[in-house]
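In: okay, sequence plus prediction incoming.
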Number of protein chains: 2
Amino acid sequence: MIKRSSDMITEIKEQMRGGKGSVNITHIFKQNEINGKSRMIARITLKPGCSIGFHEHVNEEEIYYIVKGKALVDDNGEKHELNQGDASLTLGGESHSIENIGEEDLEFVAVILLYQ
Amino acid sequence: MIKRSSDMITEIKEQMRGGKGSVNITHIFKQNEINGKSRMIARITLKPGCSIGFHEHVNEEEIYYIVKGKALVDDNGEKHELNQGDASLTLGGESHSIENIGEEDLEFVAVILLYQ
């Protein structure tokens, strides 16, 4: 199955998980298109200063892979600056947040893998 | 867990799946770092003219998400040109190939989800 960028559905969420500003979540494939154990495969865009607040993942894990821009990631209590090509993995029972601390849009791919 | 791009392991494969030239597979996280049902989460780079040959996925599915460049994807028998932001999904029992038909490097994120 081919999915054009122009055919992907984008959700806009405000103050997501208690974060700042708005978040654009573009679903690369929707959960009902996937047969594997994943509930989200998305390109997420944060404008400068915007963030997704600190939140826990339970019975699932999430990978962030930075495509463009500069991020501050709180990785289960430790803060790290991530740049293009860097990644984070938040296992089940762990928490994270991400903020755009650069001057251009921050784009990253987010993959949530379910444990059950 | 944070993984810097500079700490990721890159495999170089020649004529992968019968394709042309070489393929760089940079493992964003290795399978033993992941608890979810995935066996590969990688950034793959193909130089112009290089390709991964047509091959089937059994009991698993693969997503390609184009980060940069221009690709020709054979999606289970139908050929499509994919550009930045486009994606393909190859379900279990289906086949695909990918070739860099542009003049710059082709970069894409590949995620393989296991069915069991």
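Out: It's in.
In: centroid residue for chain A?
Out: Geometric centre of chain A, nearest residue: residue A:110, 4.1 Å, by Cα atoms, centre = their mean.
In: isn't it right up against residue A:39?
Out: No. If you go by Cβ atoms under 8 Å, residue A:110 and residue A:39 don't touch, sitting 10.8 Å apart. C-beta here means a position set from N, CA and C on the backbone, and glycine is covered the same way.
In: which ones are touching residue A:72?
Out: The contact partners of residue A:72, by Cβ atoms under 8 Å, 6 or more residues apart in numbering or on different chains, come to A:79-82, A:98-99, A:101.
In: the same query, at a cut-off of 10 Å, please.
Out: A:51, A:79-82, A:97-102, A:106 (Cβ atoms under 10 Å, 6 or more residues apart in numbering or on different chains).
In: chain neighbours aside, what residue packs nearest to the residue located most distally from the centre of chain A?
Out: The centre of chain A is farthest from one residue, residue A:1, which by Cα atoms, centre = their mean lies 23.1 Å away. Nearest non-adjacent residue to residue A:1, counting by Cβ to Cβ, 6 or more residues apart in numbering or on different chains: residue B:89, 4.5 Å away.
In: can you name the next helix or strand after the helix or strand that contains the one you found?
Out: Following DSSP states H and E, one finds residue B:89 within strand B:87-90. Later in the chain than strand B:87-90, the nearest helix or strand by DSSP H and E is strand B:95-100.
In: each with direction, which strands does that next one pair with?
Out: Strand B:95-100 has the following strand partners under DSSP bridges: strand B:51-56 (antiparallel), strand B:71-75 (antiparallel).
In: can you name the element that comes right after it?
Out: strand B:106-114.
In: mean confidence for that following strand?
Out: On average, the pLDDT along strand B:106-114 is 98.
In: do stretch A:34-54 as well
Out: For stretch A:34-54, mean pLDDT is 98.
In: quote the end-to-end distance of it.
Out: From its first residue to its last, stretch A:34-54 covers 27 Å (Cα to Cα, to the nearest Å).
In: return the distance of that stretch from the chain's centre.
Out: Stretch A:34-54 sits 3 Å away from the centroid of its parent chain (Cα atoms, centre = their mean, to the nearest Å).
In: okay, buried residues for it please.
Out: For stretch A:34-54, a neighbour-count test (16 or more other Cβ atoms under 10 Å in any protein chain shown) marks A:34, A:36-38, A:40-46, A:50-53 as buried.
In: I am finished for the moment; much appreciated.
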